[in-house]
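Visitor: How does the following fold in three dimensions:
(2 chains)
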Number of protein chains: 2
Amino acid sequence: MEEINSLQNARIKKWTLLHKKKYRDESGLFLIEGEHLIEEALKAGCVETILFDEACPFAFDNTVKVTAAIMKKLSANVSDVHLIAVCHQKTKTAEKPKRAVLLDGVQDPGNLGTIIRTAVSFGFDEVILSPDCADLYNEKTVRATQGALFHIPCARGDLSEAIAGLKQQGFAVHATALDSSVPLQQLEETEKMAFVFGNEGQGVTEKIQKESDSRVRIEMEGFESLNVAVAAGIVMYRFRR
Amino acid sequence: MEEINSLQNARIKKWTLLHKKKYRDESGLFLIEGEHLIEEALKAGCVETILFDEACPFAFDNTVKVTAAIMKKLSANVSDVHLIAVCHQKTKTAEKPKRAVLLDGVQDPGNLGTIIRTAVSFGFDEVILSPDCADLYNEKTVRATQGALFHIPCARGDLSEAIAGLKQQGFAVHATALDSSVPLQQLEETEKMAFVFGNEGQGVTEKIQKESDSRVRIEMEGFESLNVAVAAGIVMYRFRR
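Guide: So this is what the prediction gives:
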């Protein structure tokens, strides 16, 4: 077990940079906090280094004891954190996927993370993010996934290409929309289904709606306003596996 | 139209205190930001004063022009805000309610606000909060409701008493739980239904589960982890009006 006591240590400085998206992208690394998330990351084999300032509850080769001051510097939280892990951005591939979620410009890291968490709970096989979605490795996204992030392939890319690819694999692609659309209860289940959820303010872009096989609407009266993570939860529950 | 230019103005100082729960409780007032929320508050007749620094799009008797510096001081946001309203905490009463939501220790203002927003969209008649829930008038709660807060009676009180009262009115009260519970799909619809959702970490307390008529479970495999606002959305959609 290694020990680092100085805030000026080169590795500590390097890890601190991981709060910025730019350095996460360059290094392919990101930070997670707390026992629960680290447990999930260990199961998925994504952990590079575990840092702790009191005791480390995990039997893991690569642990580093650091000071409380270092912990504070590396943590994104205001309250005390005693366990942080440096993780690899490991990309999984979906094997024979039957349920996919596509996100078209979901801006809020909390919503993104919550949708990933729900997708895993309802047996979805993959999540595809448009380039303008929030960052998958943002601390708020990771926290909102509750570790689900480590259990589902998440890719970022052009949604039009993704939709074309899914259709070739036999998927029916359904975009969520408010108007001129099929009520969720009437949408028939097929073997391979993909659902597109959109930006918090604008919804799914017109282009992506047109490229989808159908537009599906969650039935409601009056106020007609749903958070995107709630809408995604309702649709994914209906077509869970 | 009145004009206030000094940060030291007594009314500005008083309104700034509304960022704190203590002063919101004492005064029965709270602040909201942005055109959309103010529009919803006006519909509900909850607005006391509208403050603006550029132009006020509303025909309202009580408006005050203030400086950009005052706006910044009164706003909870980092980005520019040009419209703020001081609102009354108006308590509505549900008339002949048939669908109620009870929240047992929901801590996160975002979750609380999202649940209220969903409740209104699915035709629920009232929301009852346990004393340890997040504050209804916290800026994050209000923002997450997207204005739904102004369209549904929300009360805070002892949940055991609320459950007893609902049962007397002929409600079936269902607590959400993971174990020894009825799958959501099998729960039969009755005329009057109430649902209890619990704390983000602990769920519904054992006491409240016992006082409910049944425990209902959202069917899932494997990961089994849902955000409380997503769970509430799925249940409320199933029994929407």
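
Visitor: next helix or strand past the longest helix belonging to chain A?
Guide: Secondary structure of chain A per DSSP state H: the longest helix is helix A:109-121. Under the assignment DSSP states H and E, the closest C-terminal helix or strand after helix A:109-121 is strand A:126-129.

Visitor: what are the pairing partners of that next one, and which direction each?
Guide: Partners of strand A:126-129 in the sheet, by DSSP bridges, are strand A:99-104 (parallel), strand A:154-156 (parallel).

Visitor: so where does A:Gly198 fall, helix or strand?
Guide: Going by DSSP H and E, A:Gly198 is part of strand A:193-198.

Visitor: Now that strand - C-alpha only, PDB.
Guide: Output of strand A:193-198 as PDB, limited to C-alpha atoms (Å, rounded to 0.1, in the frame of the first residue of the first chain):
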ATOM      1  CA  MET A 193     -37.700  -1.800 -29.600                       C
ATOM      2  CA  ALA A 194     -35.800   1.400 -29.200                       C
ATOM      3  CA  PHE A 195     -37.100   4.600 -27.600                       C
ATOM      4  CA  VAL A 196     -35.900   8.200 -28.100                       C
ATOM      5  CA  PHE A 197     -36.300  10.700 -25.300                       C
ATOM      6  CA  GLY A 198     -35.500  14.400 -25.900                       C
END
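
Visitor: Next, the angle strand A:99-104 makes with that strand.
Guide: With axes from the mean of the first three to the mean of the last three CA atoms, to 10 degrees defining the directions, strand A:193-198 sits at 20 degrees from strand A:99-104.

Visitor: Quick check: next helix or strand after strand A:193-198?
Guide: helix A:206-211.

Visitor: anything in the helix or strand following that following helix near chain B?
Guide: Going down the chain from helix A:206-211, the next helix or strand is strand A:214-217, by DSSP H and E. No - judged by CB under 8 Å from any CB of the partner chain, strand A:214-217 makes no contact with chain B; its nearest approach is 12.1 Å. Bear in mind the C-beta positions are built from the backbone N, C-alpha and C, glycine included.

Visitor: Residue numbers of chain A in contact with chain B?
Guide: Applying CB under 8 Å from any CB, we find that chain A lies next to chain B at A:110, A:114, A:117-118, A:120-123, A:144, A:146, A:148, A:151, A:218-227, A:229-234, A:237, A:240-241.

Visitor: now A:Arg117: how far from A:Gly222?
Guide: A:Arg117 sits 29 Å away from A:Gly222, going by CB to CB, to the nearest Å.

Visitor: Neighbour count: those two, which is higher?
Guide: Between A:Arg117 and A:Gly222, counting by other CB atoms under 10 Å in any protein chain shown, A:Arg117 is the more crowded of the two (25 against 11).

Visitor: isn't that one right up against A:Arg143?
Guide: No - using CB atoms under 8 Å, A:Arg117 makes no contact with A:Arg143, being 10.2 Å away.

Visitor: Helix, strand, or coil at A:Lys72?
Guide: The three-state label given to A:Lys72 by DSSP: H, G, I helix; E, B strand; the rest coil is helix.

Visitor: so what's it up against?
Guide: By CB atoms under 8 Å, 6 or more residues apart in numbering or on different chains, the contact list for A:Lys72 reads A:Val81.

Visitor: swap in A:Glu139?
Guide: Going by CB under 8 Å, 6+ apart, A:Glu139 touches A:His19, A:Leu31, A:Glu33, A:Ala76, A:Pro109.

Visitor: mind listing which of those residues are in strands?
Guide: Among the contacts of A:Glu139, the residues falling in strands (DSSP state E) are A:Leu31, A:Glu33.

Visitor: Show me which of the contacts of A:Glu139 is closest to A:Ala55.
Guide: Taking CB to CB as the measure, A:Ala55 lies nearest A:Glu33 of those, at 15.7 Å.
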